[in-house]
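>>> just coords:
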C-alpha cells in the first residue's frame, strides 16, 4: 500500500482555538472545515430541490393528460391552471432543473465542499490562504439560492428559455412572457460566478504556497491535483459567463443590443460565450470526481494508483483540451464545415486522456485486495457510468451524427451519464469515504450498500432507455409527445422511465436518513478507519481547529512505494526508514 510518511517539524500552530460565539463559529466561520460543511448542507438541499423539479417534469412527460396535481396553492396561476402544468411552467421546470443541479448542487458540492475540506488537510497546512475570502465564497452562494427560488413566485414565473438561455429568445422577455424571473436567474448566475472566482483564487494560492515541507508537486494526491486544475478552469471560465449574464441583463432592462439583431447585436455571440464557459464547466463537474475516484479506488484496492504521472498528465490534458472544443455544441448553428472539422478532431482527441484514466483505474483494481464498502462501490459505479457517457459522447463529436441527434433525448442521456452516473456517483462515494473524517462517525454500511444498488439500478432504468427515444427523434424540452406522429409508440417507454425516476428520487431519502441518523447514532470512527495513506488521516476525526499542532514533513508520496498489506510486519521491518517517524499509528 502506498503511503505518506510524515513527522513533526516543531513549527508552532498558527491558529489558536479560542472561545467564539455561535454565529462566529458556525455561521460566519473562517474555518475551512466548517465552510465545507456549510457548502455540503446547502448543496444537499438544492440537490433535493432539483430532484423535485425533475419529478414534475417526468410526471408531465409520462402522463400529459392524467389530471391535475396538487400545485394550485404553491405556484402562481400563470404557471399552473387548476393544478395542471402549463407549457410555460414546463419550460421553467426544464430551465430551473438544469440550472439548480449544475450551478447550485453539483458544482458547489464538488468544489465548494471538497476543495475547502481536503486541500488544507491533504497538503498539511492549517487553513486556506485567505480565510475571510473563503467565508465570502460561501455567503455569495446564499443570495444566488434565494434569487433562484424567488424566481418561481414572481409575475411571469421563473426563467423558461432553457438552462442555456439562448438569445434572442432569452433577450426578449416579450417573446417568452418571462421578465423579472429571468432577470433574477441571471442575477443569481452573477453571484455564483463571484463565489466560484473567490473560491478558486483561494484554492490555487493555497495549493501553490502552503504545501507542507516535502509535499512536492509529484507527491500531491490526485484529489488535490484534480481540485487545483478545476480551480484554474473555474477562474478562467466563470468570468466569461458572468460577463455574458450581465450583458443579457442589460439587453433586457436598459435597451442595449449585445444579442439582439434588430439593434446590431449577434444572437450567436451568446452561444459562443456560454459554451466557452460551458465546455470547461463539463470538466469542472467531472475532474474533481475523477480525483475522488482515484483516491477511493486506491485505498479500496489496497494498492497505489496505477500510473500516477500519466494520471496527472491526463488531468492537465483534459483541462487544456476542454477550452478548445466548445464549438461542438454549435454544429447546428451554420458554422463553416472546415471550422466544424477542427472542433470534431479536438473533441476526438479529448477522449484519449479520458481513456488513459479509465485504463489506469482498472489497472489500480487489477489483482487488488478489493474492499467493497459503500464508497468503493460508488467509485466503481462511477468508472462504469463514466465509460458509457464517454462512449456516447464520441457520437456527438461527429458533425453528421450530431446534426441528427442534436437536442434529442440522446443528449439528455449522455449528459446524465456523465453528470449523474459520473459526478454524483463519485460525490456519494466521497461522502461515504470522508464522512468519518468530517463528523467522527461512520455511516451505516448496510444502508449505504442498499443505497448504491437502488441508485445503480434505477439510474440505468431512467437514462439508458433515453438513448433509444432520442434515436427515434424525441426532442428535448418537449411538453407532450403524443401529438407527434413520429413519436407514437414510445408512451410505455416514457412511463417506465418515469417510474424508475420516482424510484431513483426515493432512494435519495435512504441516503439522507443514513446521513443525518449517523451524525448521532453512527459508530464512532477511529482516526483512520480505511487504513488510507494521505495526510488528513493522520489527524483526529474530526480534525480540531487548525488541523495540526505542528506542520508535518512529507517524505513519500502515495505512489512512491508499495507493499502487500498495511499489517504486513515483515515488510515493515525490511522497508521502514530509520530516519522517518510517523505521527500516527497504522499510517504505513
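Arrived safely, thanks for sending. Just so you know, these numbers come straight off a predicted model, no measurement behind them. Residues are numbered from 1 along each chain as shown.
>>> which residues of the stretch 251-400 of the chain fall in helices?
Taking DSSP state H, counting those that start in this stretch as the test, the helices found in the stretch 251-400 of the chain are 267-284, 287-301, 308-322, 337-349, 351-365, 374-397, 399-405.
>>> give me the helices and strands touching the fifth one, please.
Spelled out, it's helix 351-365. For helix 351-365, the packing partners by 3 or more Cβ pairs under 8 Å, 6 or more residues apart in numbering; DSSP states H and E come out as helix 287-301, helix 308-322, helix 374-397. For every residue, glycine as well, the C-beta is placed using N, CA and C.
>>> just name the most buried of the ones you listed.
With neighbours taken as mean count of other Cβ atoms under 10 Å, the helices and strands packed on helix 351-365 reach their highest mean count in helix 287-301, at a mean of 27.
>>> any idea how far residue 388 is from residue 466?
Counting by Cβ to Cβ, to the nearest Å, the gap from residue 466 to residue 388 is 12 Å.
>>> about what we covered before: now the helices and strands packed on helix 351-365 in TSV, with distance to residue 244?
Formatted as TSV, these follow (distance: least, Cβ to Cβ, whole Å):
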stretch	distance to residue 244
helix 287-301	23
helix 308-322	18
helix 374-397	23
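>>> minimum distance to residue 347: which of these has it?
Closest to residue 347 of the helices and strands packed on helix 351-365, according to Cβ to Cβ: helix 374-397, at 3.9 Å.
>>> next, the angle helix 267-284 makes with that closest one.
Calculated by axes from the mean of the first three to the mean of the last three Cα atoms, to 10 degrees, helix 374-397 forms an angle of 150 degrees with helix 267-284.
>>> pLDDT of helix 374-397, averaged?
Computed over helix 374-397, the mean pLDDT rounds to 91.
>>> let's number from 19 now, not from 1
Shifting the count to begin at 19 puts that one at helix 392-415.
>>> pLDDT weak spots in this protein?
For the chain, residues meeting the criterion pLDDT under 70 lie at 19-37, 84-101, 191-196, 576-606.
>>> out of the helices of the stretch 269-418 of the chain, flag the one nearest residue 533.
Evaluated over the helices of the stretch 269-418 of the chain, closeness to residue 533 peaks at helix 392-415, with 11.8 Å, by Cβ to Cβ.
>>> just the angle between that closest one and helix 355-367, please?
Going by the same axes, to 10 degrees, helix 392-415 makes 160 degrees with helix 355-367.
>>> which secondary structure elements does helix 392-415 contact?
helix 305-319, helix 355-367, helix 369-383, helix 417-423, helix 427-436, helix 443-457, helix 463-489.
>>> mind putting those in JSON lines, distance to residue 147 included?
Listed next are the helices and strands packed on helix 392-415 as JSON lines, based on distance: least, Cβ to Cβ, whole Å:
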{"stretch": "helix 305-319", "distance to residue 147": "19"}
{"stretch": "helix 355-367", "distance to residue 147": "34"}
{"stretch": "helix 369-383", "distance to residue 147": "29"}
{"stretch": "helix 417-423", "distance to residue 147": "43"}
{"stretch": "helix 427-436", "distance to residue 147": "32"}
{"stretch": "helix 443-457", "distance to residue 147": "22"}
{"stretch": "helix 463-489", "distance to residue 147": "35"}
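>>> tell me the most buried of those?
Among the helices and strands packed on helix 392-415, ranked by average contacts under mean count of other Cβ under 10 Å, first place goes to helix 305-319 (a mean of 27).
>>> what sits against residue 521?
Residue 521 makes contact with 472, 476, 479, according to Cβ atoms under 8 Å, 6 or more residues apart in numbering.
>>> next, name the residue at the spatial heart of this protein.
residue 124 (3.6 Å; Cα atoms, centre = their mean).
>>> residue contacts, that one?
So residue 124 contacts 61, 65, 303, 437, 441-442, 445 (Cβ under 8 Å, 6+ apart).
>>> kindly recompute the last result at 6 Å.
Taking Cβ atoms under 6 Å, 6 or more residues apart in numbering as the criterion, residue 124 is in contact with 303, 441.
>>> for the one 5 residues further on, same thing?
By Cβ under 6 Å, 6+ apart, the residues touching residue 129 are residue 248.
>>> got a list of what residue 335 touches?
Contacts of residue 335 (Cβ under 6 Å, 6+ apart): residue 371.
>>> find the nearest non-adjacent residue to residue 341, please.
Leaving aside its sequence neighbours, residue 341 sits nearest to residue 298 (Cβ to Cβ, 6 or more residues apart in numbering; 5.7 Å).
>>> is it true that that neighbour touches residue 342?
No - Residue 298 is beyond contact range of residue 342, at 10.0 Å (criterion: Cβ atoms under 6 Å).
>>> okay, the two: which has more neighbours?
Taking other Cβ atoms under 10 Å, residue 298 and residue 342 do not tie; residue 298 has more neighbours (26 against 16).
>>> for that one, give its distance to residue 549.
Residue 298 is 36 Å from residue 549, by Cβ to Cβ.
>>> next: residue 363.
Distance from residue 363 to residue 549, counting by Cβ to Cβ: 45 Å.
>>> and residue 472, by the same measure?
28 Å.
>>> which residues of the stretch 69-218 of the chain fall in strands?
Ranges of strands in the stretch 69-218 of the chain, per DSSP state E, counting those that start in this stretch, are 98-99, 102-103.
>>> in stretch 337-354, what counts as buried?
Buried residues in stretch 337-354, counted by 16 or more other Cβ atoms under 10 Å: 337, 339-340, 342-349.
>>> let me fix that: stretch 243-254
By neighbour count on 16+ other Cβ under 10 Å, the buried set for stretch 243-254 is 243-253.
>>> tally of neighbours for the nearest residue to residue 575 once chain neighbours are set aside?
Computed as Cβ to Cβ, 6+ apart, the closest residue to residue 575 that is not its neighbour in sequence is residue 237, at 3.2 Å. Look at residue 237: counted by other Cβ under 10 Å, it has 19 neighbours.
>>> same check, this time on the one 5 residues further on
Residues lying near residue 242 (other Cβ under 10 Å) number 25.
>>> and the nearest residue to it once chain neighbours are set aside, what is it in contact with?
Residue nearest to residue 242 in three dimensions, not counting chain neighbours: residue 140, with 5.4 Å by Cβ to Cβ, 6+ apart. Neighbouring residues of residue 140 by Cβ under 6 Å, 6+ apart: 239, 242, 552-554.
>>> tell me the one of those nearest residue 50?
Residue 50 has its nearest neighbour among the contacts of residue 140 in residue 554, at 11.8 Å by Cβ to Cβ.
>>> go ahead and confirm the closest one touches residue 139.
Yes - assessed by Cβ under 6 Å, residue 554 is found in contact with residue 139 at 3.6 Å.
>>> who has more neighbours, the two?
Neighbour count, other Cβ under 10 Å: between residue 554 and residue 139, residue 139 has more, with 25 against 22.
>>> ok, now which ones touch that one?
Contacts of residue 139 by Cβ under 6 Å, 6+ apart are 554, 565.
>>> tell me how far the residue nearest to residue 575 lies from residue 552.
Remark: distance between residue 237 and residue 552 (Cβ to Cβ) = 10 Å.
>>> ok, residue 301 next?
Shown here: residue 301 relative to residue 552, a distance of 23 Å by Cβ to Cβ.
>>> do the same with residue 169
Residue 169 is 41 Å from residue 552, by Cβ to Cβ.
>>> and if you look at residue 279?
Per Cβ to Cβ, residue 279 is found 54 Å from residue 552.
>>> kindly report the same for residue 267.
According to Cβ to Cβ, residue 267 stands 44 Å off from residue 552.
>>> cool, and residue 288?
42 Å.
>>> next: residue 369.
29 Å.
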